[in-house]
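1. What follows is a predicted protein model with its sequence.
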Amino acid sequence: QYITDMMYDGFTNIIPVLDNKEEFNFYQNELDIPARLGVRIAIEEQPDFSLYTTRLGIRPDEIIDFWYDKIKENPLFKVVMLHFFINSGIQDTPYYWSELEKCVHFYCRFKKENPELTMINIGGGLPYRTSLTFEFDYEYVIGEIVSRIKRICTEYGVEEPDIVTEFGSYTV
């Protein structure tokens, strides 16, 4: 409700991110002004994560059909962002790279169906120094994120997306 209130108050750079398909019904019922939307893609959390389940998002195999069924022909809504979230944050681990690449591959497939899609939100959680012995190669990890996104988009012949992230505590 607060998001729609802000949109009616004139805030124009708001992109609500749908965590589930039912949330769209709220926006569809509450908004009579154009809105850009994001969709959170559900991922499988690592098996050692305490909430090991597909959570927070819509399953990739349901997103495109949902877009076709509910959003594509609705003149008020455009899906412009695909968002994914990994509880462990941005890490130089095989798990992170695998999930990032799965998301980018899906982004490219979805982009071919929905040209309005221009952004990928890679979540947040860039590690930050909490001790004198902490070391993390930020330049490498950020460069690797960008290069993997660029490589996959090139494979699909898709324009590279704008990259959105919330670095959270790292920024502070």
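-> Nice, I can see it. In this text the structure is predicted, and so the values were computed from the model without any measurement.

2. Helix or strand, whichever it is, which one in the protein has the lowest mean pLDDT?
-> Within the chain, no helix or strand scores below strand 54-55, which has a mean of 48 by mean pLDDT, DSSP states H and E.

3. what's near enough to touch the residue nearest in space to the middle of the chain?
-> The centre of the chain sits closest to His83, judged by C-alpha atoms, centre = their mean, with a distance of 0.8 Å. By C-beta atoms under 8 Å, 6 or more residues apart in numbering, the residues touching His83 are Val17, Gly38, Val39, Arg40, Ile41, Gly57, Ile120, Asn121, Gly123, Val164. For every residue, glycine as well, the C-beta is placed using N, CA and C.

4. For the helix or strand harbouring Lys78, which strands pair with it and how are they oriented?
-> Assigned by DSSP states H and E, Lys78 belongs to strand 77-83. Taking DSSP bridges as the criterion, strand 77-83 forms sheet pairs with strand 35-40 (parallel), strand 119-124 (parallel).

5. can you give me the mean pLDDT across the first one?
-> Yep, that's strand 35-40 we're talking about. Mean per-residue pLDDT for strand 35-40: 97.

6. and it, how far from the chain's centre?
-> Relative to its chain's centre, strand 35-40 lies at 9 Å (C-alpha atoms, centre = their mean, to the nearest Å).

7. after the least confident helix or strand of the chain, next one along is what?
-> helix 60-66.

8. buried ones in that following helix?
-> Applying a neighbour-count criterion of 16 or more other C-beta atoms under 10 Å, one finds Pro60, Ile63, Ile64, Phe66 buried in helix 60-66.

9. The last one and Thr133, how far apart?
-> The span separating Phe66 from Thr133 equals 46 Å under the rule C-beta to C-beta, to the nearest Å.

10. Need the three-state assignment for Cys153.
-> helix (DSSP: H, G, I helix; E, B strand; the rest coil).

11. Right, I'll call it a day here.
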